[in-house]
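Visitor: sequence plus predicted model, see below.
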Amino acid sequence: MSIPEPSFPGERVSSYDVTTRLDTDYYAVFADLSDADRTAWDRAKAYVDEVRDRMVDAWDAADYPLDVARRMGELDLVVDGIDHPALTRLSPLAAGLVNMEISRGDGSLGTVLAVQGGLALRALALFGSREQQDRWLVPLARCEVLGSFALTEPDHGSDSVSLETTARRDGDGWVLRGTKKWIGNGASGGVTFVWARVDDEGADEHGSVRCFLVEQETPGYVGTVIRGKASLRGIHQAHIVLDDVRVPLDAVLPGARSFKDASTVLYSTRSGVAWSALGHATACYEAALAYAQQRVQFGKPLAKFQMVQERLTQMLEQLTAMQLYCRTMADLEAAGRLRPTQASLAKYHNTRAARRIASTARDLLGGNGILLENAVMQHMADIEAIHTYEGTESVQALLIGRDITGMSAFA
């Protein structure tokens with residue numbers, strides 16, 4: 001492989017070419033795409049090529065380039081397969097491939113997609129009123145307005161059903177009080193979908209969980225960017241304080257009436273995490289293969305060593321399994337037969353496999369593996385975040401275990 005010449009002054013060129021897309025689809029899992037699906041995938045590839053260098057620098061500086069996020073919306077890449085007449089319809093396979101490709105390019109952008117499309121846009125499309133959708137749906141889809149999904153709290157991550165943020169009726173509005181943590185786009189000047197428990201003992205819905213659309217400039221809403229992250233450094237996540245935030249009565253999403261509705265959104269995004277993990281793992285495998293073919297040690301390329309070939313084979317075996325999980329999951333979803341625990345199993349398998357592939361790739365690159373220009377270390381760090389969010393490995397195992405045994409191990 002030849003090292004590419006810069007296409008414009010100042011472009012980063014790695015010592016080892018890890019930007020070339022290799023033929024990683026060993027079983028031709030994605031060889032039979034429709035024209036529409038391939039067009040969506042190609043659009044994501046072009047976007048990644050356009051912004052990759054910017055995002056390496058952003059990750060290094062822990063900076064969130066909002067123009068890059070908005071560009072994703074301009075290219076109609078954040079609709080995430082949501083079925084709504086106002087949105088471009090992507091098949092489950094196309095939505096997955098877009099997710100995979102963006103995560104292959106940069107994990108922070110994969111999280112932008114997950115937050116903006118998978119969580120915020122989906123919550124509005126599923127549960128919002130006609131008026132709310134007319135005002136916000138297209139601006140969110142185009143990333144003209146950035147959206148966030150505020151469920152997780154400082155003391156409630158895996159047990160988010162126990163959330164403590166409250167919503168109290170007060171005259172012609174609602175008053176929200178509480179804190180949220182790890183909220184992507186929560187301090188980016190857009191809108192936040194806040195999940196809160198109704199605190200009104202005189203009302204029938206007392207204790208129920210509702211979702212509220214809150215504009216971030218509303219008095220009492222304070223979103224502070226979380227610093228010191230070693231993962232997903234190219235997107236800002238926020239610690240949010242809701243100090244008697246008053247919103248009008250029509251700020252509540254009428255279709256969201258229980259925690260099960262929040263779970264509906266989360267279940268939908270777990271398949272996205274499986275695809276994202278596949279993107280990260282693909283990038284790590286490509287980097288390892290390119291490095292092994294180009295790096296000469298002891299008088300010959302690393303790829304000629306038996307141990308290296310065995311490691312590459314191990315990585316390909318795991319990557320192909322991840323691809324098969326994702327393709328089968330997409331086909332099940334297209335047929336209307338995908339169950340939430342099947343998405344959980346794909347997420348469970350793929351994030352675990354991605355960690356193994358990243359670890360092997362990091363080891364194969366030796367000292368050069370820690371350089372951002374060689375891609376692996378950044379993906380390795382970002383995989384640690386997706387391994388946790390949208391339900392940890394242990395939570396997925398308990399959901400699947402409950403399904404296959406008929407018995408719950410949750411408290």
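Guide: Great, that's in hand.

Visitor: which residues in the stretch 251-400 of the chain form strands?
Guide: Along the stretch 251-400 of the chain, the segments classed as strands by DSSP state E, counting those that start in this stretch run 296-297, 300-301.

Visitor: could these go into TSV alongside mean pLDDT and distance to Ala28?
Guide: All C-beta spots, glycine's among them, are computed from the backbone N, C-alpha and C. Shown next, in TSV, are the strands of the stretch 251-400 of the chain (pLDDT from 0 to 100; distance: least, CB to CB, whole Å):
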stretch	mean pLDDT	distance to Ala28
strand 296-297	93	32
strand 300-301	95	27
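
Visitor: wait, is Gly96 part of a helix?
Guide: Yes - using DSSP: H, G, I helix; E, B strand; the rest coil, the assignment for Gly96 is a helix.

Visitor: I'd say it and Ala330 touch.
Guide: Yes - using CB atoms under 8 Å, Gly96 is in contact with Ala330, at 5.2 Å.

Visitor: out of these two, which sits in the busier spot?
Guide: Taking other CB atoms under 10 Å, Gly96 and Ala330 do not tie; Gly96 has more neighbours (28 against 25).

Visitor: from Ile102, how far out is that one?
Guide: 11 Å (CB to CB, to the nearest Å).

Visitor: just for the stretch 301-411 of the chain, where's the confidence low?
Guide: Applying pLDDT under 70 to the stretch 301-411 of the chain picks out residues 411.

Visitor: mind listing the helices for it?
Guide: 306-334, 340-364, 376-388, 393-405 (DSSP state H, counting those that start in this stretch).

Visitor: and the second one, what does it pack against?
Guide: When contacts are defined as 3 or more CB pairs under 8 Å, 6 or more residues apart in numbering; DSSP states H and E, helix 340-364 sits against helix 259-294, helix 306-334, helix 376-388, helix 393-405.

Visitor: also the last one?
Guide: Other elements packing on helix 393-405 under the criterion 3+ CB pairs under 8 Å, 6+ apart are helix 340-364.

Visitor: what angle sits between the helix it packs on and helix 393-405?
Guide: Helix 340-364 and helix 393-405 are oriented at 140 degrees to each other (axes from the mean of the first three to the mean of the last three CA atoms, to 10 degrees).

Visitor: list the buried ones in helix 340-364?
Guide: 340-355, 357-358, 360-362, 364 (16 or more other CB atoms under 10 Å).

Visitor: before we move on, back to that, among the strands of the stretch 251-400 of the chain, which is nearest Leu77?
Guide: strand 300-301 (36.9 Å; CB to CB).

Visitor: that closest one pairs with which strands?
Guide: Here strand 300-301 is paired, per DSSP bridges, with strand 296-297 (antiparallel).

Visitor: give me the residues contacting the strand it pairs with.
Guide: Here strand 296-297 makes contact (CB atoms under 8 Å, 6 or more residues apart in numbering) with Leu302.

Visitor: one more: stretch 56-66?
Guide: 12, 54-55, 68, 106, 108, 146, 188, 227, 229, 233-236, 372-373, 378.

Visitor: show the end-to-end separation of stretch 332-351, please.
Guide: 20 Å (CA to CA, to the nearest Å).

Visitor: picking up where we left off before, turn the helices of the stretch 301-411 of the chain into TSV, columns for distance to Ala86.
Guide: Output for the helices of the stretch 301-411 of the chain, formatted as TSV (distance: least, CB to CB, whole Å):
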stretch	distance to Ala86
helix 306-334	21
helix 340-364	25
helix 376-388	29
helix 393-405	32
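
Visitor: for Leu163, which of the ones you listed is the nearest?
Guide: helix 393-405 (15.4 Å).

Visitor: can you state the direction angle for the closest one and helix 376-388?
Guide: Going by the same axes, to 10 degrees, helix 393-405 makes 50 degrees with helix 376-388.

Visitor: now stretch 121-141: buried residues?
Guide: In stretch 121-141, counting by 16+ other CB under 10 Å, buried: 121-129, 132-133, 135-137, 140-141.

Visitor: could you do stretch 313-331 as well?
Guide: 315-316, 318-319, 322-323, 325-327, 329-330.

Visitor: repeat for stretch 253-264
Guide: Buried residues in stretch 253-264 (16+ other CB under 10 Å): 253, 256-257, 259, 261-262, 264.

Visitor: quick one: Thr179 from Lys229, how far?
Guide: 18 Å.

Visitor: if you could redo that for Val265, that was the one I meant.
Guide: 24 Å.

Visitor: equivalent analysis for Ala114, please.
Guide: 16 Å.

Visitor: compare these two (neighbour count), which wins?
Guide: Neighbours were tallied for Ala114 and for Lys229 using other CB under 10 Å; the higher tally belongs to Ala114 (27 against 16).

Visitor: list only buried entries from the contacts of stretch 56-66.
Guide: 54-55, 68, 106, 108, 146, 188, 229, 233-236, 378.

Visitor: quick one: which of these sit in helices?
Guide: Applying DSSP state H to the buried ones among the contacts of stretch 56-66, the entries found in helices are 54-55, 68, 108, 378.

Visitor: spit out the contact partners of Arg402.
Guide: 408-410 are the contacts of Arg402 under CB under 8 Å, 6+ apart.
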